[in-house]
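Trainee: sequence and predicted structure below; questions after.
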Amino acid sequence: MSCEACEHVTRRLDAMERGHRRFRRTVAGVALLALPMLLMGQVRAKGRIVEGEVFVLKDAKNVARGGLRVNESGAAELTLFSGRGKAAVLIAADPSGRQAVGLVDDNGQARANLALNPDGAVVLGLSDAGGTPRLGISLHREGMPVVTLAGSGGTSATLGALPNGEAGLTLVGKDKQPRVAVAIDASGAASLKLFKDGKPIFAKP
């Protein structure tokens, strides 16, 4: 995989991590604000259409189990609560065109996030119990599938296929710089590259 391709993959990984952090902030906001806002909502009937700013879903015991609202930024959010009254599933569509579905554990950690971004990229992110992103799968608008495995110490391994027919595996260090790249081009020829400080120091062939 070329140095330019490695940089491209690294940028994509950084973008995935930023998206995951944005989702975690959204989940935190839902956990703190959603239930009070749901309880304050007023619904009015208009013909056969029910209109309102906030809707509440309750179970047979009159416990809130979900809600639908439009938040301050204009995003429509559907939140489902677990039996313990904690946010468990979040479905959101914001004005920018981003759509997301997220799963949250009982500790409030975002564990899974599936998003369709305005640029056409589809991203799936999975996190460990501490909320650290560990697995990312993405399919970008230009037809580039990428799978990234993140180690607990900051290292990562990324497998990608580029639009030009090239496919490769890149190992990245804690500093987000590539260390090893193994690739096969569209003709079937394989190559190996080693890097130091982001610059190639060995290539075969």
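Mentor: Happy to help now that I have it.
Trainee: may I have the strands that pair with the helix or strand where Val56 lies, each with its orientation?
Mentor: Assigned by DSSP states H and E, Val56 falls within strand 54-58. Paired with strand 54-58 in the same sheet, following DSSP bridges, are strand 64-70 (antiparallel).
Trainee: just checking, which helix or strand succeeds the strand it pairs with along the chain?
Mentor: Once the chain leaves strand 64-70, the next helix or strand it forms, by DSSP H and E, is strand 76-81.
Trainee: that next one packs against which elements?
Mentor: Packing partners of strand 76-81 (3 or more Cβ pairs under 8 Å, 6 or more residues apart in numbering; DSSP states H and E): helix 3-40, strand 64-70, strand 87-93. Where you see a C-beta, it was placed from the backbone N, CA and C, and this is true even at glycine.
Trainee: repeat the analysis, applying 6 Å as the threshold.
Mentor: Under the contact criterion of 3 or more Cβ pairs under 6 Å, 6 or more residues apart in numbering; DSSP states H and E, strand 76-81 touches strand 64-70, strand 87-93.
Trainee: the ones you listed: lowest mean pLDDT?
Mentor: Lowest mean pLDDT within those: strand 64-70, at a mean of 87.
Trainee: now it: buried residues?
Mentor: By 16 or more other Cβ atoms under 10 Å, the buried positions in strand 64-70 come out as Ala64, Arg65, Gly66, Gly67, Leu68, Arg69.
Trainee: widest-spaced pair of those residues?
Mentor: Between any two of these, the greatest separation by Cβ to Cβ is 14.6 Å, found for Arg65 and Arg69.
Trainee: and Ala129, that one's in a helix?
Mentor: No: per DSSP: H, G, I helix; E, B strand; the rest coil, Ala129 lies outside any helix segment and is coil.
Trainee: count of neighbours near the closest residue to it other than its chain neighbours?
Mentor: Leaving aside its sequence neighbours, Ala129 sits nearest to Gln109 (Cβ to Cβ, 6 or more residues apart in numbering; 6.5 Å). Residues near Gln109, counting by other Cβ atoms under 10 Å, number 17.
Trainee: ok, Gln109 touching Pro133?
Mentor: No: contact criterion Cβ atoms under 6 Å: Gln109 and Pro133 do not qualify, at 11.3 Å.
Trainee: now the closest residue to Ile137 other than its chain neighbours: how far from Val89?
Mentor: Among residues not flanking Ile137 along the chain, Leu124 sits closest, at 4.5 Å (Cβ to Cβ, 6+ apart). Per Cβ to Cβ, to the nearest Å, Leu124 is found 15 Å from Val89.
Trainee: repeat for Ala161
Mentor: Distance of Ala161 to Val89, computed by Cβ to Cβ: 31 Å.
Trainee: also Asn107?
Mentor: From Asn107 to Val89 the distance is 15 Å (Cβ to Cβ).
Trainee: of those two, give the one with the bigger neighbour count.
Mentor: Using other Cβ under 10 Å, the more surrounded residue of Asn107 and Val89 is Val89, with 15 against 10.
Trainee: looking at the nearest residue to that one once chain neighbours are set aside now. What's its pLDDT?
Mentor: The shortest distance from Val89 to any non-neighbouring residue, by Cβ to Cβ, 6+ apart, is to Leu80 (4.1 Å). Reported pLDDT at Leu80 in the predicted model: 91.
Trainee: alright, I will stop here.
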